[in-house]
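Visitor: here are the coordinates; sequence isn't available:
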């Protein structure tokens, strides 16, 4: 099959920020395709089963489609339903379980090389590229022996499988605190470990009294100013930050809730400048275009080492800026190739 013209935009990443760009493209009559090596909004699918968003639903909306819920704060399930509806409402071309393995070319003539979960390879010719790959696949490893054991996870879903088990939670941010509380309520014996001497300042205010009460009553054990230095099948070794004393505690499961860092490999392969200190790609905040013409960014990839500073509320605005920039440019005339704009 031969297309009339290359697609205007390929979006890598089908999270809320990538979908926002696709919605903006559909509203301005630009041809766009979205790739994701997982399902749509995979990062939200990986949230705790009964998780609740900090934001109100109106701040998560895309394309003017109302996000209607029964309660005050959207749940994980609410968000998954809403973003599925967005894909259907706008008829977005989303290619799930299809990884972008390489991007070649230049503005007006990029070739997207992809591979499906079944191993089928394809290529698509597009004029512009937007990278909104998020960070769900790039957890921050703590780098200790035993971290690759099956009992260790950088994700948390729910507490039931850990009833009557010794569980260690590493970290003191929202993810760690929520995991610790959920494990405790499911009947696990929980120890929270953090290299500082207090909870992170960004912990949601409505759960602070709960975690503080659990710690004060000894219902959740805590090891301040300590680090896990080795994970063993039946225990974990901890070391004090100040005195260097090593302690071993019984353990069945470890949850390393130490955050995530965006994968910048695609941007690097395209020649985008990445600040070596902050890991922030060079881009124009007014258009989201990088220093490589035709290559745009959206979502947490713009946060570098601090992706926690970019939320759906702000990241959903990036894609429309990129689409506006693309739409304002005069049409490009480039030679068509077999399969341009389509999968071959």
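Guide: All right, it came through fine. Note that the structure is a prediction, hence the values are computed from the model and not measured.
Visitor: Can you give the contact residues for the worst-scoring helix or strand of the chain on mean pLDDT?
Guide: Least confident helix or strand, the chain: helix 312-315 with a mean of 90, by mean pLDDT, DSSP states H and E. Identification of contacts with helix 312-315 by Cβ atoms under 8 Å, 6 or more residues apart in numbering yields 16-17, 20, 55, 59-60, 132, 298-300, 302. All C-beta spots, glycine's among them, are computed from the backbone N, C-alpha and C.
Visitor: Which member of these is positioned nearest residue 118?
Guide: Taking Cβ to Cβ as the measure, residue 118 lies nearest residue 132 of those, at 24.1 Å.
Visitor: which one among the contacts of helix 312-315 gets closest to residue 144?
Guide: Once Cβ to Cβ is applied, the member of the contacts of helix 312-315 that ends up nearest residue 144 is residue 300, at 25.6 Å.
Visitor: contacting residues around that closest one?
Guide: Residue 300 touches 17, 134-135, 262, 307, 310, 315, counting by Cβ under 8 Å, 6+ apart.
Visitor: Now, of the residues you listed, which are buried?
Guide: 17, 134-135, 262, 307, 310, 315 (16 or more other Cβ atoms under 10 Å).
Visitor: looking at it, residue 280 is touching residue 304, isn't it?
Guide: Yes: under the criterion of Cβ atoms under 8 Å, residue 280 makes contact with residue 304 at 3.7 Å.
Visitor: How much space separates residue 327 from residue 27?
Guide: According to Cβ to Cβ, to the nearest Å, residue 327 and residue 27 sit 10 Å apart.
Visitor: I figured residue 60 was touching residue 68, is that so?
Guide: No: counting by Cβ under 8 Å, residue 60 sits too far from residue 68 to count as a contact (11.6 Å).
Visitor: With neighbour numbers in mind, choose between those two.
Guide: With neighbours defined as other Cβ atoms under 10 Å, residue 60 and residue 68 compare such that residue 60 has more, 21 against 11.
Visitor: For the closest residue in space to residue 49 that isn't next to it in sequence, which three-state class applies?
Guide: Of all residues not flanking residue 49 in the chain, residue 158 sits nearest, at 4.3 Å (Cβ to Cβ, 6 or more residues apart in numbering). Secondary structure state of residue 158, per DSSP: H, G, I helix; E, B strand; the rest coil, is coil.
Visitor: Please tell me how far residue 158 sits from residue 74.
Guide: Taking Cβ to Cβ, one finds residue 158 at 18 Å from residue 74.
Visitor: Compare those two (neighbour count), which wins?
Guide: Taking neighbours as other Cβ under 10 Å, residue 158 and residue 74 compare with residue 74 leading, 25 against 14.
Visitor: who touches that one in this structure?
Guide: 52-53, 55-57, 60, 67, 82.
Visitor: swap the cut-off to 6 Å and go again
Guide: 53, 57 (Cβ atoms under 6 Å, 6 or more residues apart in numbering).
Visitor: again, but for residue 194
Guide: Residue 194 neighbours (Cβ under 6 Å, 6+ apart): residue 172.
Visitor: Read off the pLDDT value for it.
Guide: Residue 194 is assigned 97 on the pLDDT scale.
Visitor: Which strand residues bridge it?
Guide: Beta-bridge partners for residue 194, by DSSP bridges, are residue 224.
Visitor: Okay, now the sheet partners of the longest strand seen in the chain, with direction.
Guide: Longest strand of the chain, by residue count under DSSP state E: strand 121-131. With DSSP bridges as the test, strand 121-131 is paired with strand 7-12 (parallel), strand 109-116 (antiparallel), strand 295-297 (parallel).
Visitor: what's next to the second one, contact-wise?
Guide: Residues from elsewhere that reach strand 109-116 (Cβ under 6 Å, 6+ apart): 10, 35, 98-105, 121-126, 129, 334.
Visitor: wait, is residue 169 part of a strand?
Guide: Yes: counting by three-state DSSP, residue 169 is part of a strand.
Visitor: what's the neighbour count on it?
Guide: 29.
Visitor: Look up how far residue 185 lies from it.
Guide: 13 Å.
Visitor: cool, and residue 283?
Guide: Relative to residue 185, and taking Cβ to Cβ, residue 283 is found at 43 Å.
Visitor: Looking at the two, which is more packed in?
Guide: More crowded of residue 283 and residue 185, by other Cβ under 10 Å: residue 283, with 23 against 14.
Visitor: Next up, the contacts around the closest residue in space to residue 251 that isn't next to it in sequence.
Guide: Leaving aside its chain neighbours, residue 251 sits nearest to residue 236 (4.4 Å; criterion: Cβ to Cβ, 6+ apart). By Cβ under 6 Å, 6+ apart, the residues touching residue 236 are 168, 228, 249, 251.
Visitor: now the residues you listed as a markdown table including pLDDT?
Guide: Output for those, formatted as a markdown table (pLDDT from 0 to 100):
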| residue | pLDDT |
| --- | --- |
| 168 | 98 |
| 228 | 97 |
| 249 | 97 |
| 251 | 98 |
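Visitor: Ranking by neighbours, what's the top pick from those?
Guide: Ranked by neighbours (other Cβ under 10 Å), the contacts of residue 236 are led by residue 168, which has 28 neighbours.
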